[in-house]
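Chemist: output the structure for:
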Amino acid sequence: MLTIKITLETLKLIEEKYKDYITDRNIGYILFVAKFDGNIITVYDNNKKNYYKMTIQGQDPMSIAKLYSMDEKICPKKAKIEKESPYFIDVDNQIGSDEVGTGDFLGPTVVCSAFVNHETMKLIKEQGITDSKKLSDEKILEIVPALINKVYYISKVLTNDRYNNATNKGYNMNQIKAVLNNYCLVNLHKKMPYVQNVYVDKFCDEKLYYQYLSQSKEVEKHIVFKEKGETYFPSVALASCIARYLFLKEIAALNEKYKVKIPLGASAEVDKFAIEFIKKYGENEFLKICKSNFKNYQKIKEQEQEKLF
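Modeler: Residues are numbered from 1 along each chain as shown. All right, here's what the predicted structure looks like:
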């Protein structure tokens, strides 16, 4: 048996990850007991509140301790990186997934899953990788090319015609996101099956997420879902930045093809651009660059119909 100290954030992470394996809760000083893969972990309350005690029983308790311990003697590399990157609660081997373009009326939907280990963390720190929404497009275009060929990732670009085809069949945005995230996670995990920690930026209820994948042949399971996951897990942050980079490259290609400058988001400015685009290229061509289930599209069609009377 091995005893380690863990932080409150790590406690929450462990409880979320192993929630399906928890057998006991709130017994005296014991917060919970989880049994999985021949291992037993027991987490204890601590009156000091600055750390919690966890015992690990199994064939190789040290491998689990290295994932979560705050003790530099057990995992000096992780402790060092956590001091340098305090905004991440887990910096060990992990796969994370995130998507971009889901709030943009124009342009594709892009999902990326990325792998992070201690070596990748050095690149993340050097390039200042964080949530892509906190970085300007110019910054994304500057930093991602410097690391995209040095990291492992899988991405999927869903063009607008395929997106519109899916929504016409009854798929909603969250269902599309679930299918795309699962595709990337499954295929990346095949390349590195030893990775235990898998994170997704939470966009819907976990039960609903798996319901969306009921028709999928392969499903990535034992995922930790967390809102604003890119602020907690470097793999999600990296995936977010790569997805944003690929999205911007797709927008640049559309700009070049149509000799325009596509505005992002779903504002009145975007509607104005859409009307001018349709006048020049027609509605059929416009459907190749827009998400037709957005309210913007219906609003534009209603405005055009009103002009007929």
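
Chemist: can we go C-alpha only for contacts and neighbour counts from here?
Modeler: Fine.

Chemist: what about His118, how many residues nearby?
Modeler: 15 (other Cα atoms under 10 Å).

Chemist: swap that for Ile289, please
Modeler: Residues lying near Ile289 (other Cα under 10 Å) number 20.

Chemist: and the strands in the stretch 1-150 of the chain, which stretches?
Modeler: 2-6, 22-27, 30-36, 39-44, 52-57, 94-100, 109-116 (DSSP state E, counting those that start in this stretch).

Chemist: out of those strands, flag the one nearest Glu206.
Modeler: For the strands of the stretch 1-150 of the chain, the distance to Glu206 is smallest for strand 94-100, at 14.6 Å, taking Cα to Cα.

Chemist: distance between that closest one and the chain's centre?
Modeler: 3 Å (Cα atoms, centre = their mean, to the nearest Å).

Chemist: just send the strands of the stretch 1-150 of the chain back as JSON lines, with mean neighbour count and mean pLDDT too.
Modeler: Below are the strands of the stretch 1-150 of the chain laid out as JSON lines (neighbours: other Cα atoms under 10 Å; pLDDT from 0 to 100):
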{"stretch": "strand 2-6", "mean neighbour count": "18", "mean pLDDT": "88"}
{"stretch": "strand 22-27", "mean neighbour count": "13", "mean pLDDT": "90"}
{"stretch": "strand 30-36", "mean neighbour count": "18", "mean pLDDT": "91"}
{"stretch": "strand 39-44", "mean neighbour count": "20", "mean pLDDT": "92"}
{"stretch": "strand 52-57", "mean neighbour count": "19", "mean pLDDT": "92"}
{"stretch": "strand 94-100", "mean neighbour count": "29", "mean pLDDT": "94"}
{"stretch": "strand 109-116", "mean neighbour count": "29", "mean pLDDT": "96"}
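
Chemist: and these as CSV, adding distance to Tyr153?
Modeler: Below are those laid out as CSV (distance: least, Cα to Cα, whole Å):
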stretch, distance to Tyr153
strand 2-6, 29
strand 22-27, 32
strand 30-36, 28
strand 39-44, 30
strand 52-57, 32
strand 94-100, 9
strand 109-116, 4
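
Chemist: Val236: which of those strands is closest?
Modeler: Going by Cα to Cα, the one of the strands of the stretch 1-150 of the chain nearest Val236 is strand 94-100, 4.3 Å.

Chemist: the closest one pairs with which strands?
Modeler: Partners of strand 94-100 in the sheet, by DSSP bridges, are strand 109-116 (antiparallel), strand 197-201 (parallel).

Chemist: packing partners for the host helix or strand of Phe225?
Modeler: Here Phe225 sits within strand 224-226, counting by DSSP states H and E. Counting contacts by 3 or more Cα pairs under 8 Å, 6 or more residues apart in numbering; DSSP states H and E, strand 224-226 packs against helix 8-17, strand 197-201.

Chemist: same list (those) but as CSV, adding mean pLDDT.
Modeler: What follows is the helices and strands packed on strand 224-226, written out as CSV (pLDDT from 0 to 100):
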stretch, mean pLDDT
helix 8-17, 79
strand 197-201, 91
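
Chemist: thought Glu218 was touching Asn187?
Modeler: No. Contact between Glu218 and Asn187 fails when scored by Cα atoms under 8 Å: they sit 9.6 Å apart.

Chemist: tell me which of the two has more neighbours.
Modeler: Neighbour totals were compared for Glu218 and Asn187, and Asn187 leads with 16 against 12 (other Cα under 10 Å).

Chemist: check what pLDDT the more buried one gets.
Modeler: Looking at Asn187, its pLDDT stands at 96.

Chemist: Leu213 too?
Modeler: pLDDT recorded at Leu213 is 97.

Chemist: which non-adjacent residue is nearest it?
Modeler: Computed as Cα to Cα, 6 or more residues apart in numbering, the closest residue to Leu213 that is not its neighbour in sequence is Val179, at 6.4 Å.

Chemist: is it true that the one you found lies in a strand?
Modeler: No. Counting by DSSP: H, G, I helix; E, B strand; the rest coil, Val179 falls outside a strand, being helix.

Chemist: low-confidence regions, the stretch 101-250 of the chain specifically.
Modeler: Filtered on pLDDT under 70, the stretch 101-250 of the chain yields the residue ranges 130-132.

Chemist: now do the helices in it.
Modeler: Taking DSSP state H, counting those that start in this stretch, the helices of the stretch 101-250 of the chain run over residues 118-127, 137-143, 160-168, 173-191, 206-212, 234-258.

Chemist: most neighbours per residue, which of the ones you listed?
Modeler: Ranked by mean neighbour count, the helices of the stretch 101-250 of the chain are led by helix 234-258 with a mean of 23 (mean count of other Cα atoms under 10 Å).
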